[in-house]
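Engineer: Okay, structure incoming, though there's no sequence with it:
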């Protein structure tokens, strides 16, 4: 039932722009053209939001380390000085050598030893070597140990291929008697410098129980310990994705390619072309098994671990037999893969095509069988000559709260990667919200007028959302967004996120706090230019848009120049959804020649229920305005405020 409110006893004022007769209220804005009557401003109770802003300049990836180290170096030097003064070694009181630091999978026979007290991996090769942080890093150095963190070891194997990246991660270059080391890790999109000591879990044979590197190098266990400290314990490192490991170590976005064994020839060639290009650029590349259409028995028959992360070191196409091959390395060095097609003669040809000796755990596999047994390929976009800019902000808590926007100018056509990373409190905490960002071009240097089209509308239900594409020269506004946090039940959830922009050109990223209606205008711009409307009659259009991942958007459009559009919408037959209106039944009154976002809907956790999205609506026209239910506070620039066409 529609509730009407009459204003017959209320004074009116006539807009000098469109001549529409408005009723005087707390907000002196014309209902049609949204112009403000300057004579009524003094009587308005509306607080115009102040645009707060902060500008951050993108830095070259290779140069960012220098800025990060300043404060950490000061603290580190103080620790070293104190330890020397009192003649003791450093013990990290934030990550003590205890069972708690090992985690829930505590082994009774593990002991904590300083690295100088441990026995080397190979007595024959290492007993005459002195300890170093690293000498000449190589994938062949790395052994995984008893911890199930192959995702991290595979990432470290790739990093070891390019020693200059290792130098940017392990900041303490020399062994010190005090046993204090600095390690640089990118966590939730933000670089952090982690201080660790040199105590490690060891076996009863005084050997490192977890990861280790040959030739008396300790950079691998140092990095592993820094990650364990970051996540709370060594046990927290069990299981993961290669993409996560590469992002932790490089801070760069990754291109994850899902491999479908039934892909047609074109798709297969496309994947090979990407892989070949990545190898030529010497990018970091990994692969994971776990195909749903391959049984564990089939994996055992070819001696490949069915749920494992591997490194890809090289690719090769032999023209004489018209075959393509991939050089894969198992970080655990436990794969004994053998393929009949790869004869000693072909193996010699493959090995001669690369400029290094295949390390331990490496094996060649033909391209068709690679596509059969591997489920995904992960390519890191890390390049030291690229620029990145990072900014931490928070998702808003209501539809009325001002929203963080990120505004920037691209000086020339550029390749851009935008990442939105949600700050999970635990690696294993499921991501129960849909997050998205919109990217609009804007017309003027003041960054106030929205452009004519939306470049991107990207959404994801994971803890990160990512888009890569080419942007023309111009001004852009980027707006992260999630309605999950508008629900009072979720008000205590972690709301922090990091926006990261990688590009091949340098630019400034300006954080500007804008009213929520700026986001409304972005959505309306996207829908009106890219979506298709459903016409009910001569004066009423509406749009129902399903996004690329788990959301629906309903926009109503009143084309009348004299009548209000009243629309009542019912979502009560839906299940497992959450509406931005915090209600399943709504009533709205849209002024003449205006549009309105009626709701933004996203899926919630199903809890074994079947999700369902159904709606019905009724509409009518009146000459008088009525109150929206739930109430929309247009004076606070609510996201659902009506907007002029």
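Structural biologist: That came in fine, so what should we check first? Here the structure is a predicted model, which is why all the values come from computation and not from measurement.

Engineer: How about the contacts made by residue 622?
Structural biologist: Shown in contact with residue 622 (CB atoms under 8 Å, 6 or more residues apart in numbering): 4, 563, 564, 566, 589. Any C-beta I mention is one placed from the backbone N, CA and C, and that applies to glycine too.

Engineer: next SSE after the helix or strand of the chain with the lowest mean pLDDT?
Structural biologist: Least confident helix or strand of the chain, by mean pLDDT, DSSP states H and E, is strand 450-460 with a mean of 48. Sequence-wise, the next helix or strand downstream of strand 450-460 (DSSP states H and E) is strand 464-471.

Engineer: Tell me which strands that next one pairs with, and in which orientation.
Structural biologist: strand 414-422 (antiparallel) (DSSP bridges).

Engineer: which residues sit against the partner strand?
Structural biologist: By CB under 8 Å, 6+ apart, strand 414-422 touches 188-189, 253, 381, 410, 431, 433, 435, 437, 439, 456, 458, 460, 463-471, 478, 480, 494, 496-505.

Engineer: Give me the sheet partners of the very next helix or strand once past that strand and which way each runs.
Structural biologist: Per DSSP H and E, the first helix or strand lying C-terminal to strand 414-422 is strand 435-442. Paired with strand 435-442 in the same sheet, following DSSP bridges, are strand 450-460 (antiparallel), strand 474-481 (antiparallel).

Engineer: Show the average pLDDT along the helix or strand just after the last one.
Structural biologist: Okay, so that is strand 474-481. Counting by DSSP H and E, the next helix or strand C-terminal to strand 474-481 is strand 496-503. Computed over strand 496-503, the mean pLDDT rounds to 92.

Engineer: Give the partner strands of strand 496-503 in its sheet and their orientations.
Structural biologist: Strand 496-503 has the following strand partners under DSSP bridges: strand 387-394 (antiparallel), strand 414-422 (antiparallel).

Engineer: isn't residue 168 right up against residue 183?
Structural biologist: No - applying CB atoms under 8 Å, one finds residue 168 not in contact with residue 183, separated by 10.6 Å.

Engineer: Give me the common contacts of these two.
Structural biologist: Common neighbours of residue 168 and residue 183 are not found (criterion: CB under 8 Å, 6+ apart).

Engineer: in stretch 574-585, what counts as buried?
Structural biologist: 574, 577, 578, 579, 580, 581, 582, 584 (16 or more other CB atoms under 10 Å).

Engineer: tell me which of those residues is nearest to residue 527?
Structural biologist: Nearest to residue 527 out of the buried residues of stretch 574-585 is residue 580 (CB to CB; 15.0 Å).

Engineer: List the residues that contact that closest one.
Structural biologist: If you count contacts by CB under 8 Å, 6+ apart, then residue 580 has 399, 483, 486, 597, 599, 600, 601, 639, 640 around it.

Engineer: Let me have those in CSV, adding secondary structure and neighbour count as columns.
Structural biologist: Listed next are these as CSV, based on DSSP: H, G, I helix; E, B strand; the rest coil; neighbours: other CB atoms under 10 Å:
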residue, secondary structure, neighbour count
399, coil, 25
483, coil, 26
486, helix, 22
597, strand, 28
599, strand, 24
600, strand, 28
601, strand, 26
639, coil, 25
640, coil, 25
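
Engineer: In terms of distance to residue 301, which of these ranks first?
Structural biologist: Proximity of the contacts of residue 580 to residue 301 (CB to CB) peaks at residue 601, which lies at 47.6 Å.

Engineer: How many residues are close by the closest residue to the closest one other than its chain neighbours?
Structural biologist: Closest residue to residue 601 apart from its sequence neighbours, by CB to CB, 6 or more residues apart in numbering: residue 552 at 4.4 Å. The number of residues packed near residue 552 is 19, by other CB atoms under 10 Å.

Engineer: do the same with the one 10 residues further on
Structural biologist: When counting by other CB under 10 Å, one arrives at 11 neighbours for residue 562.

Engineer: List the backbone torsions phi and psi for it.
Structural biologist: Main-chain torsions, residue 562, degrees, to the nearest 10: phi -130, psi -30.

Engineer: mind checking pLDDT for it?
Structural biologist: pLDDT, residue 562: 91.

Engineer: list the contacts for it?
Structural biologist: By CB under 8 Å, 6+ apart, the residues touching residue 562 are 592, 623.

Engineer: before we move on, what about residue 505?
Structural biologist: By CB under 8 Å, 6+ apart, the residues touching residue 505 are 387, 410, 411, 412, 414.

Engineer: before we move on, the earlier item: between the contacts of residue 580, which sits nearest residue 82?
Structural biologist: Nearest to residue 82, judged by CB to CB, of those is residue 486 at 48.6 Å.

Engineer: Tell me which helix or strand the closest residue to that closest one other than its chain neighbours sits in.
Structural biologist: Leaving aside its sequence neighbours, residue 486 sits nearest to residue 398 (CB to CB, 6+ apart; 5.4 Å). Using DSSP H and E, residue 398 falls within no helix or strand.

Engineer: just checking, residue 398 touches residue 487?
Structural biologist: No - shown here, residue 398 and residue 487 do not form a contact pair, counting by CB under 8 Å, at 9.7 Å.
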